[in-house]
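*Asks:* Following is a predicted model, sequence given first.
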Amino acid sequence: MRSLAMVLSLAALLAAGAPASASGDGAGQPAADAPAPSQAAPPQAAAAARWCAPELAALPGEVCAFLPAEAAPGPRVLVIFLHGVVQPDSGWQWAQQRGAARAGARHGVAVMMPRGRRGIGPKTMEDWWCWPTATAAQAAHEDALLAEWDAARAELERRAGGRFERVLVFGFSNGAYYATSLAMRGRLPVDGYAAFAGGSGARYLERAGAQTKARAPIFVGWGGKDPAHRDQVALAKMLRRLKWPSRSLAKPRAGHAMTDDQVDQAFAFLSGKRGGATAPGRGRGAQAR
């Protein structure tokens, strides 16, 4: 089985400028299961012409979508996947999209993959595709972003032939930091969040979370070899202090990636299969914002 860690680590390694042959899980194995070069790093012209990988559906607002051939039994589930930083015209987003779609296929859920904004990233990546993690960027872009997600979701539901009864937000890297911000502010009425290789326990987030009444459960996953993993450790501790419904899973040998096991555990926790009283509530994802 192809490793999701390999697929998403490839994009992370490219973004960091590391050689693509490095192992995504820190185990010293070659990335044999990563997409072929023509898929993971398409020509710049192709990447510039199409944000979504060719095999994915394109929805309004440059939002990509995947529908499983066979949906899992039970409530209809939609995952909104928030990508990590993407250099314009690089095609790195395709590796992340394919990893998210593969997770959707394994779990029988639909996946929607919106696009961030340019001009709001850190100094070295200011013009890259990023998410508005800063307050000023949220004031400037967040309403428009969430309106795009609503429009794309409505179209995807039309194509799927029905409403999604549960909605989860999965974020990777920069997308995980933004997903954490959305959760702590109670900004979206969804059924749960998962933050992989991103998210922090910053004081301003803790202050926001202390005031939030609608506490959607949060899963936190990180790799022990990720240089930024202390942020996720701090996030998990903050959630415990707040008595926020949460679960975390560290993979000591993993790097900047989201592993299959972490994704499986996130789905199990957020679907209520495990966790007892910490299982998510019902139906928030089906309500209008």
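*Replies:* Looks like it arrived, so ask away.

*Asks:* Now do the contacts for the residue positioned nearest the centre of the chain.
*Replies:* Centroid-nearest residue in the chain: Gly171, 2.2 Å away (criterion: Cα atoms, centre = their mean). Residues counted as contacts of Gly171 (Cβ atoms under 8 Å, 6 or more residues apart in numbering) are 81-82, 131, 177-180, 193-196, 198-199. C-betas here are computed from N, CA, C, even on glycine.

*Asks:* quick one: it and Ala228, what's the gap?
*Replies:* According to Cβ to Cβ, to the nearest Å, Gly171 stands 14 Å off from Ala228.

*Asks:* Quick check: mean pLDDT of the helix or strand encompassing the residue nearest to the centre of the chain?
*Replies:* Assigned by DSSP states H and E, Gly171 belongs to strand 166-172. The pLDDT scores in strand 166-172 average 98.

*Asks:* just stretch 225-244 next, same as before
*Replies:* 98.

*Asks:* what's the answer for stretch 104-114, then?
*Replies:* 98.

*Asks:* And stretch 252-263, by the same measure?
*Replies:* pLDDT averaged over stretch 252-263 gives 96.

*Asks:* got the CA coordinates for the strand holding Gly171 in CSV?
*Replies:* Provided in CSV are the C-alpha atoms of strand 166-172 (Å, rounded to 0.1, in the frame of the first residue of the first chain):
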residue,chain,number,x,y,z
ARG,A,166,-20.7,15.2,8.5
VAL,A,167,-17.9,17.6,7.6
LEU,A,168,-14.3,17.4,8.8
VAL,A,169,-11.4,19.8,8.3
PHE,A,170,-8.0,18.2,7.8
GLY,A,171,-5.0,20.5,7.6
PHE,A,172,-1.4,19.7,6.6
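
*Asks:* so how far is whichever helix or strand comes after it off the chain centroid?
*Replies:* Tracing the chain past strand 166-172, the next element assigned as helix or strand by DSSP H and E is helix 174-185. Between the centre of helix 174-185 and the centre of its chain there are 10 Å (Cα atoms, centre = their mean, to the nearest Å).

*Asks:* other SSEs contacting the next helix or strand after helix 174-185?
*Replies:* Where DSSP H and E defines the elements, the next helix or strand beyond helix 174-185 is strand 192-196. With contacts taken as 3 or more Cβ pairs under 8 Å, 6 or more residues apart in numbering; DSSP states H and E, strand 192-196 sits against strand 166-172, helix 174-185, strand 218-223, helix 260-270.

*Asks:* hmm, back to that, of the contacts of Gly171, grab the buried ones for PyMOL.
*Replies:* In PyMOL, this line selects whichever of the contacts of Gly171 come out buried by 16 or more other Cβ atoms under 10 Å:
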select buried, resi 81+82+131+177+178+179+180+193+194+195+196+198+199
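
*Asks:* Could you dump the contacts of Gly171 into a markdown table and include pLDDT and distance to Ala53?
*Replies:* Output for the contacts of Gly171, formatted as a markdown table (pLDDT from 0 to 100; distance: Cβ to Cβ, whole Å):
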| residue | pLDDT | distance to Ala53 |
| --- | --- | --- |
| Phe81 | 98 | 12 |
| Leu82 | 98 | 16 |
| Trp131 | 98 | 19 |
| Tyr177 | 98 | 24 |
| Tyr178 | 98 | 21 |
| Ala179 | 98 | 21 |
| Thr180 | 98 | 26 |
| Tyr193 | 98 | 24 |
| Ala194 | 98 | 21 |
| Ala195 | 98 | 23 |
| Phe196 | 98 | 19 |
| Gly198 | 98 | 22 |
| Gly199 | 98 | 25 |
